[in-house]
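Student: fold the following for me, if possible:
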Amino acid sequence: MPKKLNLNPTQMVVLGFVVAIFTGTILLYLPISTNEPISFLDALFTATSAVCVTGLVVVDTGTRFTVFGQIVIMFLIQIGGLGLMTSATLIFLLTGKKIHLRERLIIQEQLNQFSLEGLVRLSKYIFRLTFFVEGIGAALLAIEFIPQFGIGKGIFFSIFHAVSAFCNAGFDLMGNFASLTAYKENTLVTLVISSLFVVGGLGFTVVLDLYGKRNFSKLNLHSKMVLTVTVFLIIVAAVGIFALEYSNPETLGNLSIKGKILGAYFQAVTPRTAGFNTIPIDKMTSTSLFLIITLMFIGASPASTGGGIKTATFGTIVAAIIALVRGNEDVDIFKKRIPLDIVMKSFVIVFMSLTLITVVTIILTATEASYATFKEVLFEVTSAFGTVGLSMGITTNLTTIGRIFIIITMFAGRVGPLSLALAIGNKKTKKTYHYPEEKLLVG
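Tutor: Numbers count the residues shown, from 1 in each chain. Prediction:
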């Protein structure tokens, strides 16, 4: 009998994403999946983008893929949003298979939980929440899409975009890389899609905590941190984009006041790993683009369907900086102390993320120099890392090397650079000794 792989939970999570990506690649490469043949690399790119819920595409989803191919992409998005092991738990529950300790450890790693207690129950809640929210979103979108596309196509479009939005994937079926620009002044589509990816980006544990307690003061520290940072970023970004793009004739300038507000709000929340856009990204001002790059880097929240360094990581670093400036030894927030190992982990995540983005940007500024500017490359790489899917229009022109590095970046962004490093590296070993301490001049 073949020997079982001796992998830790982090390695199993990474392996699970790899298996899902290559399975999706094979399915999308089949002739039944496309109207016109695509290369294996394009199939790999699309599958990676779907499983990593990114939304960057090298071929148009609405025109190049058949209904079968689009259904495959939708399932890859759903699996990638929930996580492979969480999705497998649903199959275990439906078939009556017992979920052993090993599976529970993998679920714990995938959902960023501190304890093994209640993981199966949490998984059940996640399934119910996901299908309930996606179902409501699809029903509301059908009000707009059925009259426009007909019953069959309208229902399919509603389900596909609800799944894509809740999972923060950014894939659309509108054709010609148009995303949702045709709906920039449509209140229903704008608010439904944005609400779906905001809820999906908060994280399952936060939504369930909020639903159970319904009082901010009673929420746990993680939920308070995520909600505070999320609201702060949405307000700052919405006001900033509204002011910066208000007179820009190629974005918000020619829209009504309602259109300007909807456009500014939508473009403020979509960089939080959602990937849809209602105004042309490449026409925005440089200041707005830099703001979006920052939002994409921060991303969504832990245990959510999104990527980036995560809101809780960002909030922890801000709290640590404030504590250092004030001369406090402890990092306190909401009358709770954040453990030192969490603070250190947050700084490591940011450093590794910046390093990844820097290295890939340097490489792509060389390989894509013939058609892309530094700003376009930095935007593309950050979008890939944050699993956002927004682009200034260079994705389809990427060279083979460029596509490979964007694939790597999307994968690292979804599983997390720290998790990826831990999966590749050796197992943890506890030191039985300590070297003498000596001070070091920094700053």
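Student: please count neighbours and contacts with C-alpha atoms only from this point.
Tutor: Fine.
Student: so the residue positioned nearest the centre of the chain: helix, strand or coil?
Tutor: When Cα atoms, centre = their mean is applied to the chain, the residue found nearest the centroid is residue 306 (2.4 Å). The local conformation at residue 306, judged by DSSP: H, G, I helix; E, B strand; the rest coil, is coil.
Student: pretty sure it contacts residue 300?
Tutor: Yes: Residue 306 is within contact range of residue 300, at 5.1 Å (criterion: Cα atoms under 8 Å).
Student: overlap in contacts, these two.
Tutor: Any residue near both residue 306 and residue 300 by Cα atoms under 8 Å, 6 or more residues apart in numbering counts here, and that gives 201, 272, 273.
Student: which helix is the longest one in the protein?
Tutor: Scanning the chain for the helix with the most residues, using DSSP state H, yields helix 119-149.
Student: would you mark the buried spots in it?
Tutor: Buried residues in helix 119-149, counting neighbours by 16 or more other Cα atoms under 10 Å, are found at 119-120, 122-124, 126-127, 129-130, 133-135, 137-142, 145-146.
Student: quick one: residue 333 from residue 379, how far?
Tutor: Plainly put, residue 333 is 32 Å away from residue 379 if you go by Cα to Cα, to the nearest Å.
Student: give me the more crowded residue out of those two.
Tutor: A direct count of neighbours by other Cα atoms under 10 Å for residue 333 and residue 379 places residue 379 higher, at 24 against 16.
Student: in what helix or strand does the more buried one lie?
Tutor: Counting by DSSP states H and E, the element that carries residue 379 is helix 374-385.
Student: quick check: which ranges of the stretch 301-443 of the chain have low pLDDT?
Tutor: Filtered on pLDDT under 70, the stretch 301-443 of the chain yields the residue ranges 417-431, 441-443.
Student: follow-up on the earlier one: in strands only, show me the shared contacts of residue 306 and residue 300.
Tutor: Of those, none are assigned to strands by DSSP state E.
Student: using TSV, lay out those residues together with pLDDT.
Tutor: Below are the shared contacts of residue 306 and residue 300 laid out as TSV (pLDDT from 0 to 100):
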residue	pLDDT
201	85
272	79
273	79
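Student: which of these has the largest number of neighbours?
Tutor: residue 273 leads the shared contacts of residue 306 and residue 300 on contacts (other Cα under 10 Å) with 37 neighbours.
Student: and the nearest residue to it once chain neighbours are set aside, which of the three is it?
Tutor: The shortest distance from residue 273 to any non-neighbouring residue, by Cα to Cα, 6 or more residues apart in numbering, is to residue 388 (3.7 Å). Classification of residue 388 using three-state DSSP returns coil.
Student: again with the one 4 residues further on
Tutor: Three-state assignment for residue 392 (three-state DSSP): coil.
Student: would you confirm that it contacts residue 279?
Tutor: No: the pair residue 392 / residue 279 is not scored as a contact, 11.5 Å apart, by Cα under 8 Å.
Student: and these two? Which one has more around it.
Tutor: More crowded of residue 392 and residue 279, by other Cα under 10 Å: residue 279, with 22 against 17.
Student: got the contact list for the more buried one?
Tutor: By Cα under 8 Å, 6+ apart, the residues touching residue 279 are 181, 184, 251, 252, 263, 267.
Student: which of those residues has the most neighbours?
Tutor: In terms of neighbours by other Cα under 10 Å, those top out with residue 263 at 29 neighbours.
Student: what's the first helix or strand after the strand or helix carrying that residue?
Tutor: In the assignment (DSSP H and E), residue 263 maps to helix 257-269. Moving toward the C-terminus from helix 257-269, the first helix or strand encountered (DSSP H and E) is helix 286-298.
Student: cheers, nothing more for now.
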